[in-house]
Structures are given as structure tokens and as C-alpha cells.
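Chemist: Just need the structure, nothing else, for what follows:
(one chain, ligands or ions: 2)
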Amino acid sequence: MKILLLGSGELGKEFTIAAQRIGQTVIAVDSYENAPAMQVAHGFEVINMLDGEALDKIVAKHQPDFIVPEIEAIRTERFYDYEKQGITVVPSAKAANFTMNRKAIRDLAAKELGLKTANYRYATTAKELQKGVEAVGMPCVVKPLMSSSGKGQSTIKTEADVEKAWNYAVEGSRGDVVEVIVEAFVKFNSEITLLTVVQNNNPTLFCPPIGHRQERGDYQESWQPARISDKDLYEAQDMAEKVTEALGGAGLFGVEFFLADDGVYFSELSPRPHDTGMVTLAGTQNFNEFELHLRAIMSLPIFEITLEKNGASAVILASENSTNPSYTGITEIASLPRTDFRIFGKPTSRPYRRMGVALVNDTLETPIEEVVEKAKKAASLVTVHS
Ligand SMILES: Nc1ncnc2c1ncn2[C@@H]1O[C@H](COP(=O)(O)OP(=O)(O)OP(=O)(O)O)[C@@H](O)[C@H]1O
Ligand SMILES: [Mg+2]
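Modeler: Residues are numbered from 1 along each chain as shown. Ligands and ions are numbered 1, 2, ... in the order given. Presented below is the predicted three-dimensional model:
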């Protein structure tokens, strides 16, 4: 089968490797040359994926069996056409299109499916935002409808923050839409990603929940399994099943939840492998999240997902701009027991860009906090130089 991979970062790279291992052909696409997944794919294309005509051209040129999006910033409206042409869009055109805009997925989850979410409003002007803030109460979180990795996101604590939050969200907005969502701040005790695998001819499966910690809009550490009560887990699984079913198609989804005193809140989801799911590269499961995504897409039955080990991942970040990044501390991290790492091979760095990840596993009896600490220490050994 021929797979057109839209987005060629570290998640795309691992997906491509999984696909190569079972003999599939991958054409990797991104906006710059030598992106991580391009380094391991059969071919590559460099285009602006928000440009519908440019997308049409490469789809016509390569005639793929599958289109696999790795990011949100794609002219996903075109996906409905590709589906009509007989190409399988992963997990479905609707899933990719709905999740590129927070409004579509939030209204589907909260209004149509009745899932519990933070109270929210939308705003297209600073004045409307003011009204929204009054409706949901302070503190509250403002996010552009189209953005990821925390871009344009800020918390409003007092009246005086409203104008600032509006301007910041407009600056951090991707695409042509200038609209924001403002949602009540959820005082959660922890947050989890529930990797949910929707299969074509077999039941939906759930990975053991993944805990994570966010800073500046990006995850810093993730661990598996996360601590969660049976009741909360059942609720999260029920919500994940409902929302993935409504979006349709097959593949792995990363469904994000907040765990608070008053129960589980649905936050958002990725219709594809999730960055926090890189913890599965530590060998925590019988299949990692990329292998699961691939199998689900290709209708290869997944009998079960088993937790083999406890594990944690911690990100390796750059601190400077560079067009020729190099690394020290590799021998040191390699010397650690039960530890592995990835260096993504990104051709350039900038402050806080994720360049690699440390991966640690331990027995199922080891307290997960200990594993997280080991992963953090391991990541701190590696330095990215400019
Ligand atoms: N309503 C909220 N209450 C409390 N914290 C929140 C709320 N919304 C978002 N956050 C915090 O901000 C993080 C990022 O938010 P969200 O996942 O909505 O944004 P994102 O930019 O799509 O992130 P990504 O694409 O990296 O997953 C959350 O993981 C959570 O830690
Ligand atoms: Mg998120």
C-alpha cells in the first residue's frame, strides 16, 4: 500500500518506521526539507499543506491508498474530496477536519454527545471575549480556535487580563479564522491521554492511561500507567468511545481528559498518535502507539493491548537557534539501565523545540513516580548545542 504522510515530525518518523517494517511505501510531506520522517521514507514532497491546490497536486501525482495526517495545520476541507475519490483518509475526513478547529470538536463533544467539558464560550472580538469571561467565570483559559502546542493560549485571572489574552490569541492564531474559545479553568488533579484504537472489523481497544505534565503548551514528561480510579477510567473510556465513534473511521486517537474532584472532563483529542504516547516507545506495551495506528488503519486485527512494563518519557529540548544542532551526553544516557532515547534528527533548532526524548521502563511493581524521575534525569544528561 502507498501511504501519503502529511506532516513529517518525530511522530511521523516512528509511524513511517512501523510501516516500513511491514513493507509499506511511505511518501512523507512537510513544509521543509529533511524533516524527520522524510529521512526514513521512500519519497518526500515539500509543500504548504494549508494550500489546497498544492495538496491536490501531490495527491494526484502519488495516487496514495491512504492519506495519514500527522498534524492539524492542513487544508482538511480537501479530505472529503479525497475520500470520494476512493482514498482512505485516516482515521476519516471528518475526524481530521473536525479536530483542526476547536469549535467543531468541542460542540460535537459537549452539545451533540453530551460529554462533560469545561463550561465554554466563543468570541470573535475583545468585547465578545469580555462577555464570554463573564459567562464562564474567572479564572478561565483563552485559546485560538486554530492553534496547537499552546500557541496563543493564556489564562485570565482578572479583568485586566482580557484585552491581553485577546491580542495574544489573535497573534497565535493559525489560518484565516480569528476566533477564540474561552473555557472555565478546570482545577484538575491530573491529566491523562487515553489512547483509543478504533478497528474496522474488531472492537475498540484502550491503552492503559498515560499521565503527563504540560509546560508552555507542550508536554514535558509522560508516564504509563497513570494513577486513576476505576470509576474515572470507565467514564473516560465511555467518553472516548462515544467521540471516536462519532468521528468515524479507524486508527488510534489520543483522547485528552482532566481528572478533577468532581469527575472526568473531556478536553480535546488528536485523531492520530499523540506526543505523550511516545512513552510507549519505552516498551510499555505489546505494540507501541505507531504500530497500533498502522494496524488499525490497515485493518490488521489487534487481538489485545497489554501493559508489559511501567514507563516514562521526558523531552529533550533545544535552548538556542541553530541550523546545525549537535548533541552531548549521548554516552552518558546510553550508560543508564532500562533507558533508551531518540534523537529526531531535526535539521534546525530553536528555543524549546523538541529534539529528542528519553525513555525509561521498569517493572510493573515500580512506583510510577520513580520511573518519571529517572526519565527526567536521563533527559537532563543530553544537551543540544548550536
Ligand atoms: N480549561 C482548562 N483548565 C485547566 N487547564 C487547561 C484548560 N485547557 C487547557 N489547559 C492546559 O493547557 C494544556 C494545553 O491545552 P490544549 O490541549 O487544549 O491545547 P493545545 O494547544 O491543543 O495543546 P496540544 O495540541 O499540544 O495538545 C492542557 O493539556 C492543560 O494542561
Ligand atoms: Mg492538548
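Chemist: How many residues are close by the residue nearest to Glu77 when sequence neighbours are not counted?
Modeler: Leaving aside its sequence neighbours, Glu77 sits nearest to Asn97 (C-beta to C-beta, 6 or more residues apart in numbering; 6.5 Å). C-beta coordinates here come from the backbone N, C-alpha and C atoms, glycine included. The burial count assigned to Asn97 is 22, neighbours taken as other C-beta atoms under 10 Å.
Chemist: Helix, strand, or coil at Asn97?
Modeler: The three-state label given to Asn97 by DSSP: H, G, I helix; E, B strand; the rest coil is helix.
Chemist: Could you tell me the model confidence score at it?
Modeler: The per-residue pLDDT reported for Asn97 equals 96.
Chemist: residues in contact with it?
Modeler: With contacts defined as C-beta atoms under 8 Å, 6 or more residues apart in numbering, the neighbours of Asn97 are 76-77, 79-80, 104.
Chemist: Out of these, list just those in helices.
Modeler: Using DSSP state H to define helices, the subset of these located there is 79-80, 104.
Chemist: Out of these, the closest to ligand 1 would be?
Modeler: Ala104 (13.5 Å; C-beta to the nearest ligand atom).
Chemist: so the residue of the stretch 201-350 of the chain found nearest ligand 1 is in which element?
Modeler: Ranked by C-beta to the nearest ligand atom, the top residue of the stretch 201-350 of the chain for proximity to ligand 1 is Gln214, at 3.9 Å. Of the helices and strands defined by DSSP states H and E, Gln214 is found in strand 210-215.
Chemist: Do a quick rundown of the strands in the stretch 1-150 of the chain.
Modeler: With DSSP state E, counting those that start in this stretch, the ranges of strands along the stretch 1-150 of the chain come out as 2-6, 25-30, 43-46, 66-69, 88-89, 120-123, 140-144.
Chemist: now these as a markdown table including mean neighbour count, distance to Leu252 and mean pLDDT?
Modeler: As requested, the strands of the stretch 1-150 of the chain are arranged in a markdown table below (neighbours: other C-beta atoms under 10 Å; distance: least, C-beta to C-beta, whole Å; pLDDT from 0 to 100):
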| stretch | mean neighbour count | distance to Leu252 | mean pLDDT |
| --- | --- | --- | --- |
| strand 2-6 | 25 | 15 | 98 |
| strand 25-30 | 24 | 17 | 98 |
| strand 43-46 | 17 | 23 | 98 |
| strand 66-69 | 25 | 11 | 98 |
| strand 88-89 | 25 | 15 | 98 |
| strand 120-123 | 19 | 26 | 98 |
| strand 140-144 | 24 | 24 | 97 |
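Chemist: what number of residues lie near Glu171?
Modeler: Quick note: Glu171 (other C-beta under 10 Å) scores 10 neighbours.
Chemist: what about the residue nearest to Gln130 when sequence neighbours are not counted, which SS state?
Modeler: The shortest distance from Gln130 to any residue other than its chain neighbours is 5.5 Å, reached at Val162 (C-beta to C-beta, 6+ apart). Reduced to three states with three-state DSSP, the structure at Val162 is helix.
Chemist: For Val162, give me its contacts.
Modeler: By C-beta under 8 Å, 6+ apart, the contact set of Val162 is 126, 129-130, 133, 156.
Chemist: Can you give me the distance of it to Thr25?
Modeler: Here Val162 is placed at a distance of 51 Å from Thr25 (C-beta to C-beta, to the nearest Å).
Chemist: Could you give the backbone dihedrals for Gly9?
Modeler: phi -80, psi -160 (degrees, to the nearest 10).
Chemist: Please tell me I have it right and it contacts Glu70.
Modeler: Yes: using C-beta atoms under 8 Å, Gly9 is in contact with Glu70, at 6.3 Å.
Chemist: what's the following helix or strand after the longest helix seen in the chain?
Modeler: Determined from DSSP H, the single longest helix within the chain is helix 230-247. Stepping forward along the backbone from helix 230-247, the first helix or strand reached (DSSP H and E) is strand 251-260.
Chemist: Adjacent strands (with direction) for that following strand?
Modeler: Under the criterion DSSP bridges, strand 251-260 sits next to strand 190-198 (antiparallel), strand 263-270 (antiparallel) in its sheet.
Chemist: Need the residues that contact stretch 377-386.
Modeler: Judged by C-beta under 8 Å, 6+ apart, the contacts made with stretch 377-386 from elsewhere in the structure are 314-322, 324-330, 332-333, 336, 339, 341, 349, 355-358, 360.
Chemist: Report how many residues lie close to the closest residue to Ala93 other than its chain neighbours.
Modeler: The shortest distance from Ala93 to any residue that is not its chain neighbour, by C-beta to C-beta, 6+ apart, is 3.6 Å, and that residue is Phe79. The criterion is other C-beta under 10 Å. On that basis, Phe79 has 25 neighbouring residues.
Chemist: Phe79 and Val89 touch, don't they?
Modeler: Yes: between Phe79 and Val89 there is a contact at 4.6 Å, judged by C-beta under 8 Å.
Chemist: got any residues that touch both of those two?
Modeler: Between them, Phe79 and Val89 share these contacting residues under C-beta under 8 Å, 6+ apart: 67, 96.
Chemist: how about the residues of the stretch 151-300 of the chain that lie near ligand 1?
Modeler: Taking C-beta under 6 Å from any ligand atom as the criterion, the stretch 151-300 of the chain approaches ligand 1 at residues 153, 183, 185-186, 191, 214, 217-218, 256, 267-268.
Chemist: Is it possible to mark the buried ones in those?
Modeler: Listed as buried from those are 153, 183, 186, 191, 218, 256, 267-268; burial here means 16 or more other C-beta atoms under 10 Å.
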